[in-house]
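Q: got a predicted structure here, sequence first:
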Amino acid sequence: MSGINSLSRFASFLPLALFIASCGLKYVPGPSLEDLARNRKEILEQQLAHDFAAVNKKYIGLTYGETVVIKPLSYQRLDSLFEVKYRMSKNGLPTKEIDPLIENQKMVLLSDTTEVLYMETHWFELVQDTTCEFIIAQCFLNNRNVLRKMDFIDEFQTGKSNQLWAEKYMKEDWLTRDLGFTPNDDLAFYSLMKNKEFNLQGEEKNRFLNNVFLVMHFVSENQSTAAQGIVLKLAARQMKMEIPNFKSTDYAFSFKKDVDPVTKETIYVVEAVSNADKNVLITRRYDMFYMPLD
């Protein structure tokens with residue numbers, strides 16, 4: 001009998017299925033989370049490009065951090081109740097006591113006008129004439145992709161000559177080797193510099209970053225983040241700016257690590273002895289961030 005009943009149910013469903021097929025109707029899945037995130041970022045970038053163009057600044061998007069969903073308290077409470085129900089069901093416990101609480105919280109949520117917001121941490125660039133501004137901002141958008149507010153958490157300016165290096169610095173692109181990703185040594189270099197830079201302001205920040213971009217250039221040339229190769233080039237460059245007719249081949253360079261007696265931090269020391277006169281000794285010192293101390 002069960003087989004006959006199944007056949008009967010199938011026969012009753014068949015005309016409906018044929019009707020739907022004849023109408024050309026088919027299931028169309030909704031957008032994935034990746035699609036929603038991509039669309040949100042595209043709309044954000046379009047708005048930023050439009051807004052900054054109004055003040056004669058060209059917007060260039062660089063990269064993003066992880067999306068953070070900021071839910072109102074009513075949503076958070078409902079999530080917590082569902083989590084409790086899930087754990088109880090997993091442990092084989094009855095959920096009849098928590099089910100009414102869930103339904104009640106759903107009603108509370110329906111009356112809550114507070115929006116769910118999506119926070120996108122966005123690294124971007126603004127170009128105006130010969131000046132490039134680099135900004136890290138937290139952008140808050142609702143589920144209709146309307147930008148509700150934007151907070152700048154870090155920013156700096158540089159000239160066109162450092163634009164390429166500043167873009168690499170913001171995106172943490174590879175410096176030493178192109179492996180399809182940024183090598184760990186390069187990431188450690190960026191982390192060291194950014195932890196220092198984030199706490200600087202004004203002209204001190206600008207001086208530090210200009211030196212960082214120079215160091216990045218040397219790291220790229222050396223294909224290494226090793227301190228010795230960096231400070232030897234820094235010292236040669238510094239001496240060339242200070243000594244008339246300076247040639248690095250006229251000196252024998254040596255490198256050593258030392259400790260600053262005051263800060264107790266590592267410093268790097270370069271000594272250059274003249275090949276023509278061994279009594280001529282030039283010393284240049286750099287801190288652990290490769291800033292000159294002399």
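A: Right, received. Where do you want to start? Keep in mind that this is a model prediction, so the values were computed, not measured.
Q: if I pick the residue most central in space within the chain, what's in contact with it?
A: With distances taken as Cα atoms, centre = their mean, Gly65 lies nearest the centre of the chain, 4.5 Å away. Counting by Cβ atoms under 8 Å, 6 or more residues apart in numbering, Gly65 makes contact with 120-122. In short, each C-beta sits where N, CA and C put it, glycine included.
Q: Ser224: which of those is nearest?
A: Thr121 (30.5 Å; Cβ to Cβ).
Q: phi first, then psi, for that closest one.
A: For Thr121, the backbone dihedrals (degrees, to the nearest 10) come out as phi -80, psi 120.
Q: ok, it - how many residues close by?
A: A total of 16 residues lie near Thr121 under the criterion other Cβ atoms under 10 Å.
Q: separation between the residue nearest to the centre of the chain and Ala137?
A: Going from Gly65 to Ala137 by Cβ to Cβ, to the nearest Å gives 11 Å.
Q: any shared contact partners between these two?
A: The contact lists of Gly65 and Ala137 share 121-122, where a contact means Cβ under 8 Å, 6+ apart.
Q: could you check how many residues crowd around the closest residue in space to Phe253 that isn't next to it in sequence?
A: Nearest non-adjacent residue to Phe253, counting by Cβ to Cβ, 6 or more residues apart in numbering: Ala272, 5.2 Å away. Ala272: 22 surrounding residues under other Cβ under 10 Å.
Q: okay, Ala272: pLDDT?
A: We have a pLDDT of 95 for Ala272.
Q: return the list of helices and strands in contact with whichever strand or helix holds it.
A: Secondary structure assignment for Ala272, by DSSP states H and E: strand 266-274. Applying 3 or more Cβ pairs under 8 Å, 6 or more residues apart in numbering; DSSP states H and E, one finds that strand 266-274 contacts helix 227-242, strand 251-259, strand 281-287.
Q: so how far is it off the chain centroid?
A: How far strand 266-274 lies from its chain's middle: 36 Å, per Cα atoms, centre = their mean, to the nearest Å.
Q: then stretch 274-291?
A: 37 Å.
Q: what does that stretch rub up against?
A: Contacts to stretch 274-291, defined as Cβ under 8 Å, 6+ apart, come from residues 192-193, 196, 208, 211-212, 215, 227, 230-231, 234-235, 238-239, 250-252, 258, 260, 265-273, 292-294.
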